[in-house]
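[1] Predicted model follows, preceded by the sequence.
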Protein chains: 2
Amino acid sequence: MTSSDIFAEIQKKKSFLCVGLDPVMEKIPRQLLREEDPVFSFNKAIIDATIDQAVAYKPNLAFYEALGPGGWETLQKTLDYLPSEVFTIADAKRGDIGNTSTLYAKAFFEQMDFDALTVAPYMGEDSVRPFLGFDGKWVVILALTSNQGSQDFQMIEDPNGMPLYAAVLEKSREWGTTQNTMYVVGATRGSHIQSVREIVPDHFLLVPGVGAQGGSLEEVAKFGMNSQCGLLVNSSRGILYASSGTDFALAAKKEAQSLQIAMEELLSKYLA
Amino acid sequence: MTSSDIFAEIQKKKSFLCVGLDPVMEKIPRQLLREEDPVFSFNKAIIDATIDQAVAYKPNLAFYEALGPGGWETLQKTLDYLPSEVFTIADAKRGDIGNTSTLYAKAFFEQMDFDALTVAPYMGEDSVRPFLGFDGKWVVILALTSNQGSQDFQMIEDPNGMPLYAAVLEKSREWGTTQNTMYVVGATRGSHIQSVREIVPDHFLLVPGVGAQGGSLEEVAKFGMNSQCGLLVNSSRGILYASSGTDFALAAKKEAQSLQIAMEELLSKYLA
């Protein structure tokens, strides 16, 4: 998928919503537990409920690995159920040396046919490059995450005052292009999105932390939007668990619709 | 497992060898391809051949994920086959925010019963702490890796001249103890092992990069050994693919024996 394909979908749906498919067995509505594969049934219902508002879906691998060996089949079925025009991100935060990263790339891009994979940059260039050699596939590099622990290392400054996350952006933008690299930038630090845009004006940013983690959608759009939108804003728990009753899918739809309406306004306001 | 248990095994086998179980289908001897689960048959043969010399085994998850859904079963069977006195490390290099890390911890420590899991520290404290709450289980934090890309970010210095890998050691040693935390320190930088030991004198270090990646075992022991040995030195390809013929298991055994003999000498020489 190209960035133009993603932007076309954003324009069609007037939304830059990414839905995080992070199902927890304990939180799945009870009536689904009778189904053969309750997690898949839940994902299917969430996808059906949000497909008119979401341009991307992002299953976090931990939630599927926690299901045991059957989790991979549930993930594969979920991926197969998603229509080809939406952007699919395996949130795996992988990162290993060359030959091992190549195996991860093959697992997620060839065997499972995801469009993108999240990658942790700690091990440097040869842990990221293997993901860049797949036509139409994307690597989404952790730059500035939305959790408390992002302060521990990502904000450490070098003698010139450049924080680690900025060094990650500066170096890694040379490894790939705007057609195969995106960055994770947490929305809980709206003020930092501006400095991220100074380094990578044209890359797509994947923004977690709107909703449950408390970031502001308005700030993200104000500082982060570029001429191709350049933003995918993720919501997981806010949509998945909008209701724990039999109306969970309807509640998820309403939540996605309310985000879509806000995003449509922001697209009118800030799209360059 | 406690560090005393690990040290007891080291003293019994006069070895601090960790065998990396990183099987690649294309490299597995042809005669095994007829077996029902060729990768498991290969692992079993390698374990049988090296069990007298190895105190730890470290499957890298990428090699099992690359096998598709069946890969997790192969991994589980391999883990079940390992005797309980050896230390088992899931080399997964995971790292995600709190609730997600907890899921990974449950997957590897409860569902699969590994003794340890490797973790990337980029996301900071709340991505590591969830792994520390499991009795007898260990987190192995990437500090200084052995690949070329380790130069990109791990060596960036703060205004006081402290490189990132040292900041990772300094901060994370406060999160856990010497009974639940180890560090990955690459053997290709023997000169750095000394400075690592200044920060974490008593922690176990998992050292990759001896063998195929060209580190020196002598230097690792000289600068890295403490009163409980404190070292697990990994070899993967050098043992697994010592021969690609029908004699692969015998060749693996010889390679492991030659490492054990060198390690026995170093234990006599440097054990404090």
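    Here it is on my side, so go on. Numbering: from 1, shown residues only, chains lettered A, B, ... in the order given.

[2] Span of stretch A:145-163 from start to end?
    This stretch, stretch A:145-163, spans 13 Å end to end (C-alpha to C-alpha, to the nearest Å).

[3] which helix of chain A spans the most residues?
    Counting by DSSP state H, the longest helix found in chain A is helix A:248-270.

[4] Report the buried residues of that one.
    Neighbour-count burial for helix A:248-270 flags A:248-249, A:251-253, A:255-257, A:259-260, A:262-263, A:266-267, A:270 (criterion: 16 or more other C-beta atoms under 10 Å in any protein chain shown). C-beta: built from backbone N, CA, C; applies to glycine.

[5] can you tell me the distance between the two ends of stretch A:231-240?
    21 Å.

[6] now the helices: where do they sit in the stretch 1-150 of chain A?
    A:3-13, A:38-50, A:61-65, A:70-81, A:98-105, A:125-128, A:150-153 (DSSP state H, counting those that start in this stretch).

[7] Now tabulate these in CSV and tack on mean pLDDT.
    Compiled in CSV, the helices of the stretch 1-150 of chain A are given as follows (pLDDT from 0 to 100):
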stretch, mean pLDDT
helix A:3-13, 98
helix A:38-50, 98
helix A:61-65, 92
helix A:70-81, 94
helix A:98-105, 90
helix A:125-128, 95
helix A:150-153, 96
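
[8] Dump those to JSON lines, plus mean neighbour count.
    As requested, these are exported to JSON lines (neighbours: other C-beta atoms under 10 Å in any protein chain shown):
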{"stretch": "helix A:3-13", "mean neighbour count": "17"}
{"stretch": "helix A:38-50", "mean neighbour count": "21"}
{"stretch": "helix A:61-65", "mean neighbour count": "25"}
{"stretch": "helix A:70-81", "mean neighbour count": "18"}
{"stretch": "helix A:98-105", "mean neighbour count": "21"}
{"stretch": "helix A:125-128", "mean neighbour count": "23"}
{"stretch": "helix A:150-153", "mean neighbour count": "21"}
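
[9] Go through those and name the closest to chain B.
    Proximity of those to chain B was assessed by C-beta to the nearest C-beta; the nearest stretch is helix A:150-153, lying at 3.3 Å.

[10] Going along the chain from that closest one, find the next helix or strand for me.
    Counting by DSSP states H and E, the next helix or strand C-terminal to helix A:150-153 is helix A:164-172.

[11] For the closest residue to A:Val220 other than its chain neighbours, list the residues it contacts.
    What sits nearest to A:Val220 in space, not counting adjacent residues and going by C-beta to C-beta, 6 or more residues apart in numbering or on different chains, is A:Ala187, at 4.9 Å. By C-beta atoms under 8 Å, 6 or more residues apart in numbering or on different chains, the residues touching A:Ala187 are A:146, A:193, A:207-210, A:213, A:215-217, A:219-220, A:233.

[12] Quick one: buried ones out of the residues you listed?
    The neighbour count (16+ other C-beta under 10 Å) marks A:146, A:193, A:207-210, A:213, A:215, A:217, A:219-220, A:233 as buried among the contacts of A:Ala187.

[13] Just the ones in strands from the residues you listed, please.
    Counted as lying in strands by DSSP state E, out of these, are A:207, A:233.

[14] so which of the buried ones among the contacts of A:Ala187 comes closest to chain B?
    A:Ser146 (7.7 Å).

[15] want to try a markdown table for the buried ones among the contacts of A:Ala187, with distance to B:Ser127 and pLDDT as columns?
    Converted to a markdown table, these look like this (distance: C-beta to C-beta, whole Å; pLDDT from 0 to 100):
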| residue | distance to B:Ser127 | pLDDT |
| --- | --- | --- |
| A:Ser146 | 12 | 88 |
| A:Ile193 | 21 | 93 |
| A:Val207 | 18 | 95 |
| A:Pro208 | 13 | 89 |
| A:Gly209 | 14 | 72 |
| A:Val210 | 20 | 76 |
| A:Gln213 | 14 | 56 |
| A:Gly215 | 18 | 63 |
| A:Leu217 | 25 | 92 |
| A:Glu219 | 24 | 90 |
| A:Val220 | 22 | 93 |
| A:Val233 | 22 | 96 |
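
[16] and the buried ones among the contacts of A:Ala187 as CSV, adding distance to A:Leu21?
    Below are the buried ones among the contacts of A:Ala187 laid out as CSV (distance: C-beta to C-beta, whole Å):
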residue, distance to A:Leu21
A:Ser146, 18
A:Ile193, 25
A:Val207, 17
A:Pro208, 13
A:Gly209, 17
A:Val210, 16
A:Gln213, 17
A:Gly215, 20
A:Leu217, 20
A:Glu219, 26
A:Val220, 21
A:Val233, 15
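
[17] shouldn't A:Phe153 be in contact with B:Ser127?
    No. Proximity of A:Phe153 to B:Ser127 does not meet the contact threshold set by C-beta atoms under 8 Å, at 10.2 Å.

[18] Determine the residues that are contacts of both of those two.
    Shared contacts of A:Phe153 and B:Ser127 (C-beta under 8 Å, 6+ apart): B:Pro121.

[19] Low-confidence stretches in chain A?
    By pLDDT under 70, the low-scoring segments of chain A are A:189, A:211-215, A:272.

[20] where's the residue in chain A sticking out farthest from the centre relative to chain B, distance?
    Distance from the centre of chain A peaks at A:Pro159, with 32.2 Å (C-alpha atoms, centre = their mean). Between A:Pro159 and chain B the computed distance is 5 Å (C-beta to the nearest C-beta, to the nearest Å).

[21] my guess is that residue contacts B:Pro159, does it?
    Yes. The criterion here is C-beta under 8 Å, and A:Pro159 meets it with B:Pro159 at 5.0 Å.

[22] OK, contacts around A:Pro59?
    Shown in contact with A:Pro59 (C-beta under 8 Å, 6+ apart): A:20-22, A:43, A:75, A:78-79, A:89-91.

[23] Got the phi and psi for A:Leu67?
    When read as degrees, to the nearest 10, the backbone of A:Leu67 gives phi -80, psi 0.

[24] okay, now it: neighbour count?
    Look at A:Leu67: counted by other C-beta atoms under 10 Å in any protein chain shown, it has 20 neighbours.

[25] Check A:Gln148 too.
    When neighbours are counted by other C-beta under 10 Å, A:Gln148 registers 15.

[26] A:Asp52 now?
    Residues lying near A:Asp52 (other C-beta under 10 Å) number 13.

[27] Wait, it touches A:Lys13, no?
    Yes. The pair A:Asp52 / A:Lys13 is scored as a contact, 6.7 Å apart, by C-beta under 8 Å.

[28] Can you work out which residues contact both of the two?
    Here A:Asp52 and A:Lys13 share the contacting residues A:Gln260, scored by C-beta under 8 Å, 6+ apart.

[29] Quick check: A:Lys93 vs B:Gly149, distance?
    Using C-beta to C-beta, to the nearest Å, A:Lys93 is found at 16 Å from B:Gly149.

[30] wait, I meant A:Phe109
    Counting by C-beta to C-beta, the gap from A:Phe109 to B:Gly149 is 20 Å.

[31] Also A:Pro159?
    Between A:Pro159 and B:Gly149 the distance is 22 Å, computed by C-beta to C-beta.

[32] Repeat that for A:Asp96.
    Separation of A:Asp96 from B:Gly149 (C-beta to C-beta): 10 Å.

[33] Among those two, which residue is more densely surrounded?
    Neighbours were counted for A:Asp96 and for B:Gly149 using other C-beta under 10 Å; A:Asp96 has more, 27 against 23.
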